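**Student:** would you be able to build a 3D model of this:
(2 chains)
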Amino acid sequence: QKEVEQNSGPLSVPEGAIASLNCTYSDRGSQSFFWYRQYSGKSPELIMSIYSNGDKEDGRFTAQLNKASQYVSLLIRDSQPSDSATYLCAVKTSYDKVIFGPGTSLSVIP
Amino acid sequence: ETGVTQTPRHLVMGMTNKKSLKCEQHLGHNAMYWYKQSAKKPLELMFVYNFKEQTENNSVPSRFSPECPNSSHLFLHLHTLQPEDSALYLCASSQNTGGAYEQYFGPGTRLTVT
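**Tutor:** Below is the predicted model:
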């Protein structure tokens, strides 16, 4: 089992819709979770971090964490074409390593 | 701008060349990282430095040699590379390697080995 898994996509949503990106992880003791956005040819950019179960909102972005299910998600409301990018989930494990998932490619269709 | 700079942004080198990548962070962080990102592959962590000391080397071939003279600067010395080493090399920094561990990335160096 891979340590951090994401659907590779591409995920296509129409402009204005909600995009839902999912990530699962294998280390039950993981405590810190991060979402990065990476535009083609650019470096990853930190969007959000989440540490506690529940939801964390920042503008159009909401991160959701469920440690019992070992699941973290990112919701993007009112999706815009400029949100088209690859979204990377990263998990800090109980053995103090940050593991990145393979990323999900999101395409927002005007 | 994230406060992490990398030079050069693009590099083409032959297999017998020696070159160095440079990273500098202006965030006051104590930890710095080198990652490799190949096409259609996840980010691969190469090296970690915390307070100038190397804390991780993820079985990276010896043709890659890191150097961290202080907490603000990180180098990756390259020699006798192979074509499969062509990739985007990313530098990142964080406050330290413990705690929340939010990492901030530089723009990367696109390396092509011919």
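**Student:** pull stretch B:42-57 out as PDB, backbone CA atoms only.
**Tutor:** What follows is stretch B:42-57, C-alpha atoms only, in PDB (Å, rounded to 0.1, in the frame of the first residue of the first chain):
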ATOM      1  CA  PRO B  42       5.500  12.100  -7.200                       C
ATOM      2  CA  LEU B  43       8.000  14.400  -5.600                       C
ATOM      3  CA  GLU B  44      11.000  12.500  -4.400                       C
ATOM      4  CA  LEU B  45      12.700  13.800  -1.300                       C
ATOM      5  CA  MET B  46      16.500  13.600  -1.700                       C
ATOM      6  CA  PHE B  47      18.100  15.400   1.200                       C
ATOM      7  CA  VAL B  48      17.100  17.200   4.400                       C
ATOM      8  CA  TYR B  49      19.200  19.600   6.500                       C
ATOM      9  CA  ASN B  50      18.200  20.900   9.800                       C
ATOM     10  CA  PHE B  51      20.400  23.600  11.500                       C
ATOM     11  CA  LYS B  52      23.100  22.900   8.800                       C
ATOM     12  CA  GLU B  53      23.200  19.200   9.700                       C
ATOM     13  CA  GLN B  54      22.100  16.600   7.200                       C
ATOM     14  CA  THR B  55      19.300  14.600   8.700                       C
ATOM     15  CA  GLU B  56      18.100  12.600   5.700                       C
ATOM     16  CA  ASN B  57      19.700  11.100   2.600                       C
END
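**Student:** show me what it is in contact with.
**Tutor:** Identification of contacts with stretch B:42-57 by CB atoms under 8 Å, 6 or more residues apart in numbering or on different chains yields A:44, A:88, A:97-98, A:100-103, B:30-38, B:58, B:60, B:64, B:66, B:68-71, B:74, B:76, B:90, B:96-97. For the C-beta atoms, the positions are set from N, CA and C on the backbone; glycine is no exception.
**Student:** buried subset of the residues you listed?
**Tutor:** By neighbour count, with 16 or more other CB atoms under 10 Å in any protein chain shown, those hold A:44, A:88, A:97-98, A:100-103, B:30-37, B:60, B:64, B:66, B:68, B:71, B:74, B:76, B:90, B:97 as buried.
**Student:** just those residues: which are in strands?
**Tutor:** Among these, the residues falling in strands (DSSP state E) are A:88, A:98, A:100, B:31-37, B:64, B:66, B:68, B:74, B:76, B:90.
**Student:** which of these has the weakest pLDDT?
**Tutor:** Least confident of those in the model: A:V98, at 87.
**Student:** and that residue, what are its bridge partners?
**Tutor:** Beta bridges link A:V98 to A:K92 when assigned by DSSP bridges.
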